[in-house]
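Colleague: structure, please.
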Amino acid sequence: MSRSFGLATNDLLDFRAAVAFFTVRVAEKLREHRLLAGELSVFVHTDRFRDLPQYAASRSRAVAPKSDSTLELLPLALRGLNHVYREGFAIRKVGVILNDLELADSAVHTENPIRLLDACTYKISP
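Modeller: Just a heads-up that it's a prediction; the model follows:
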């Protein structure tokens, strides 16, 4: 998932909010499709069509063990954003990409309290 901002911005709070929203949504989609992710990437880039200083970066992080938990994916995404964010650039687009997907039914299950809490929250949400 990604978002292009209407106007390029350098506001880290806007980027954190967008990355958090995307991570919550992709975790929901993983659970909906009964998938687990083994890698999470965060990216940012400026508007390549503008005559401004250009910047693009991405950071990938392993998700071990593979997960569909918002509580496990969100800190990884925000740490990834902290690595790619640079002041002084007007960022146009941020996004979150999941890779190394696997069917949850075929994965080796290692239940932990965070996943159980996330699963309970998902089941009782409207």
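Colleague: gap between the spatially most distant residue from the centre of the chain and Val44?
Modeller: Each residue of the chain has a distance to the centre, and by Cα atoms, centre = their mean the biggest one is for Asp51: 28.8 Å. Per Cβ to Cβ, to the nearest Å, Asp51 is found 19 Å from Val44. Every C-beta, even on glycine, is put in place using the N, C-alpha and C of the backbone.
Colleague: just the buried residues of the strand or helix carrying Val63, please?
Modeller: Val63 is located in strand 56-67, with elements delineated by DSSP states H and E. Going by neighbour count (16 or more other Cβ atoms under 10 Å), the buried part of strand 56-67 is Arg59, Arg61, Val63, Lys66, Ser67.
Colleague: now the helices for this structure?
Modeller: Assigned by DSSP state H, the chain shows helices spanning 12-32, 70-84, 113-124.
Colleague: export those to CSV and tack on mean neighbour count?
Modeller: Below are these laid out as CSV (neighbours: other Cβ atoms under 10 Å):
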stretch, mean neighbour count
helix 12-32, 17
helix 70-84, 18
helix 113-124, 12
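Colleague: closest one to Asp105 among the ones you listed?
Modeller: helix 12-32 (12.6 Å; Cβ to Cβ).
Colleague: the closest one - contacts with which helices or strands?
Modeller: The contact analysis (3 or more Cβ pairs under 8 Å, 6 or more residues apart in numbering; DSSP states H and E) places helix 12-32 against strand 2-9, strand 35-46, helix 70-84, strand 91-99, helix 113-124.
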